[in-house]
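*Asks:* Got a predicted structure here, sequence first:
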Amino acid sequence: MATPSPSHDLGDSWRLTHLGRLLGHAARRFDERVLSLMARNVDVPLALSNLAARSQVSAAHVHVTRHLALEGSRLTQLAARAGMSKQAMGDLVDQCEAWGLVTREPDARDARARSVQFTATGLAWLQAFKEAVAQAEAEFRAEVGADVATVVAIGLEAYAGAWGASAATT
């Protein structure tokens, strides 16, 4: 195995501080905070609060919460919105269905298809998610300052929006 020459400084610092790694850490921290807040929300059914408090509900389950349309979605649509395989999303939907968050109903537009729908419990969960996201965002603003938070939000919106637009045309 060849030893890198001194002109090829491969030190570790760039691997620990590059933008992708920082974004990943920030996203995990944000999702963990949201789930922690949801676990303590008195409007979330106790069984779901207990699951969230014991880390049984993960950021992966939040994909269902984030991407399920209020009027319902087919599993393939839900998986595509979350950037997941249909099989992986199906597993998450199965768990969310067992917890009473969603149900699968016949699709009104196609009798052969099924639509994933929020239950009343799922809508309460969605409201708790909305409140937890708002609080986590407020905490982020307080920690980094309003100006930095605004610049970060604008930058991420532009960056993610550009990717979403290019992904939609491919």
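*Replies:* On my side now, so go ahead. Residues are numbered from 1 along each chain as shown.
*Asks:* The host helix or strand of residue 130 packs against which elements?
*Replies:* Secondary structure from DSSP states H and E places residue 130 in helix 120-144. Using 3 or more C-beta pairs under 8 Å, 6 or more residues apart in numbering; DSSP states H and E, the elements in contact with helix 120-144 are helix 19-39, helix 59-67, helix 146-169. To be clear about C-beta, it is placed using only N, CA and C from the backbone, and glycine gets the same treatment.
*Asks:* Can you check what angle separates that helix from helix 19-39?
*Replies:* Angle, helix 120-144 to helix 19-39, by axes from the mean of the first three to the mean of the last three C-alpha atoms, to 10 degrees: 130 degrees.
*Asks:* ranking the helices and strands packed on helix 120-144 by burial, who's on top?
*Replies:* Looking across the helices and strands packed on helix 120-144 with neighbours counted as mean count of other C-beta atoms under 10 Å, the highest average goes to helix 59-67: a mean of 18.
*Asks:* just checking, next helix/strand downstream of that one?
*Replies:* Downstream of helix 59-67 (by DSSP H and E), the next one is helix 75-82.
*Asks:* List the buried residues of that next one.
*Replies:* Using 16 or more other C-beta atoms under 10 Å as the test for burial, helix 75-82 gives 75, 77, 78, 79, 82.
*Asks:* List just the nearest of those residues to residue 35.
*Replies:* residue 82 (16.5 Å; C-beta to C-beta).
*Asks:* got a list of what the nearest residue to that closest one once chain neighbours are set aside touches?
*Replies:* Excluding the flanking residues, the one nearest residue 82 by C-beta to C-beta, 6 or more residues apart in numbering is residue 63, at 4.1 Å. Neighbouring residues of residue 63 by C-beta atoms under 8 Å, 6 or more residues apart in numbering: 82, 84, 89, 92.
*Asks:* Quick check: pLDDT value at residue 63.
*Replies:* With respect to pLDDT, residue 63 has a value of 78.
*Asks:* switch to numbering from 18
*Replies:* Okay, residue one is now 18; in that scheme the one you just asked about reads as residue 80.
*Asks:* gap between the top strand by length along the chain and the chain center?
*Replies:* Identified as the longest strand of the chain according to DSSP state E is strand 127-135. How far strand 127-135 lies from its chain's middle: 23 Å, per C-alpha atoms, centre = their mean, to the nearest Å.
*Asks:* Buried residues, that strand. List them.
*Replies:* Buried, per 16+ other C-beta under 10 Å, within strand 127-135: 131, 132, 133, 134, 135.
*Asks:* got a markdown table for the residues you listed, with pLDDT and distance to residue 123 too?
*Replies:* A markdown table is the format used below for the buried residues of strand 127-135 (pLDDT from 0 to 100; distance: C-beta to C-beta, whole Å):
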| residue | pLDDT | distance to residue 123 |
| --- | --- | --- |
| 131 | 91 | 6 |
| 132 | 94 | 7 |
| 133 | 96 | 12 |
| 134 | 95 | 10 |
| 135 | 95 | 16 |
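*Asks:* No more questions from me, cheers.
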